[in-house]
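Visitor: Return atomic coordinates for the entry below.
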Amino acid sequence: MTTDCNFMLGFGIFAGDSRLCVARIAQWVSSGDRPRWLACLNPHSYVEALRRPDFARALEAADWLVPDGTGVTLASRILGAGIRARVTGSDVFTGLSRHLDERGGARVFFLGSTPETLAAIQARYERDYPNLRVVGTYAPPFRTEFSEADYDAMAATINAVRPDVLWVGMGAPKQEISIHHLRDRLDVHFAAAIGAVFDFYAGRVNRASPLFRRLGLEWLPRLLQEPRRLWRRMFVSAPVFLWHVARAWVGGARG
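Guide: All right, here's what the predicted structure looks like:
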């Protein structure tokens, strides 16, 4: 875990805004001597971590655990945890890519999703960020959990091209558990579990308008687009998260 974090509900969560987060990561990409990585925390991932100890350990091990969810910033206000702003995976992806492109370049790898989505991402990324080089993409086998052979194949493919930045989009908790598992094997400076950003960027799913994002309602258009996949987040995870926030507030706990 890096600095600029405050504890809430058992996790050290990044307390700055997206610009500070990108600046910290960019500095590490330039000078870091080992892999650091980022994960996103929202009410659903918090609730999943309650039932998946391996997922909880991965989130706890992330160097940057960003508050990617209006529910997390709302909980911070209720509990006085000092987490000032929502920082989304999209914010980090766009902000860091723009920064590295303006700085003059970096080597980038995309891990996850499907070959078709990865091809769409690569084509757009090379147009949007002409000074960045996509040195590889890899769509791992579609499994509930990966084997050691799967992890070995991922690490070998990534390390063969030595990217500076590794973007991972497999969905939670698989992507976070995978980065945590691979971290000590990877020859990269920075990795990020950014899930839905792959589908947004490839045009497979439409992201909510800025108005919905400002109102804290980004979840609503996504629920309407993907009700089967997301209903559990809204109607199961969200109430459980709110119950934990209420219990912490009654108990006077922040961390």
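Visitor: When you work out contacts or count neighbours from here on, use the C-alpha atoms and nothing else.
Guide: Noted.
Visitor: Can you give me the distance of residue 152 to residue 159?
Guide: 10 Å (C-alpha to C-alpha, to the nearest Å).
Visitor: right, I mislabeled it, should have said residue 10
Guide: For residue 10 relative to residue 159 (C-alpha to C-alpha), the value is 34 Å.
Visitor: Then residue 140?
Guide: 15 Å.
Visitor: Then residue 143?
Guide: In terms of C-alpha to C-alpha, residue 143 sits 22 Å off from residue 159.
Visitor: give the contact list for residue 71.
Guide: Contacts of residue 71 were listed using C-alpha atoms under 8 Å, 6 or more residues apart in numbering, and they are 42-43.
Visitor: Is it correct that it falls within a strand?
Guide: No - per DSSP: H, G, I helix; E, B strand; the rest coil, residue 71 lies outside any strand segment and is helix.
Visitor: Burial check on residue 160, number of neighbours?
Guide: Neighbourhood size, residue 160 [other C-alpha atoms under 10 Å]: 11.
Visitor: that older thread, higher neighbour count, residue 143 and residue 159?
Guide: Under the neighbour definition other C-alpha under 10 Å, residue 143 and residue 159 were set side by side, and residue 159 has more, 14 against 9.
Visitor: Skip the chain neighbours and tell me the closest residue to the more buried one.
Guide: Closest residue to residue 159 apart from its sequence neighbours, by C-alpha to C-alpha, 6 or more residues apart in numbering: residue 187 at 5.4 Å.
Visitor: what's the burial count for that neighbour?
Guide: Using other C-alpha under 10 Å, the number of residues around residue 187 comes to 21.
Visitor: if you average pLDDT over the one helix or strand residue 247 maps to, what comes out?
Guide: Following DSSP states H and E, one finds residue 247 within helix 238-251. Averaging pLDDT along helix 238-251 yields 93.
Visitor: can you pull the buried residues of that helix?
Guide: Neighbour counts using 16 or more other C-alpha atoms under 10 Å place 238, 240-242, 245, 248 of helix 238-251 among the buried residues.
Visitor: And the furthest pair within the residues you listed?
Guide: 238 and 248 (15.4 Å; C-alpha to C-alpha).
Visitor: the helices in the chain, which residues?
Guide: 18-31, 43-51, 53-61, 70-79, 89-103, 115-128, 148-161, 174-182, 197-202, 210-214, 219-225, 227-232, 238-251 (DSSP state H).
Visitor: For the longest one, which outside residues touch it?
Guide: Where contact means C-alpha under 8 Å, 6+ apart, the residues beyond helix 89-103 that reach it are 18-19, 21-23, 25-26, 40, 68, 106, 129-132, 193-195, 197.
Visitor: Are any of the residues you listed buried, and if so which?
Guide: For the contacts of helix 89-103, a burial check counting by 16+ other C-alpha under 10 Å picks out 18, 21-22, 25-26, 40, 68, 106, 129, 131-132, 193-195, 197.
Visitor: Widest-spaced pair of those?
Guide: For these, the maximum inter-member distance is 28.0 Å, found between 68 and 131 (C-alpha to C-alpha).
Visitor: In the chain, where is pLDDT below threshold?
Guide: For the chain, the stretches flagged by pLDDT under 70 are 1-2, 205-236, 253-255.
Visitor: Can you get me a residue count around residue 181?
Guide: 15.
Visitor: Need the phi and psi values for residue 80.
Guide: Backbone torsions for residue 80, taken as degrees, to the nearest 10, come to phi 70, psi 40.
Visitor: Next, the contact list for the closest residue to residue 185 other than its chain neighbours, please.
Guide: Leaving aside its chain neighbours, residue 185 sits nearest to residue 155 (6.5 Å; criterion: C-alpha to C-alpha, 6+ apart). When contacts are counted by C-alpha under 8 Å, 6+ apart, residue 155 touches 182, 185-186.
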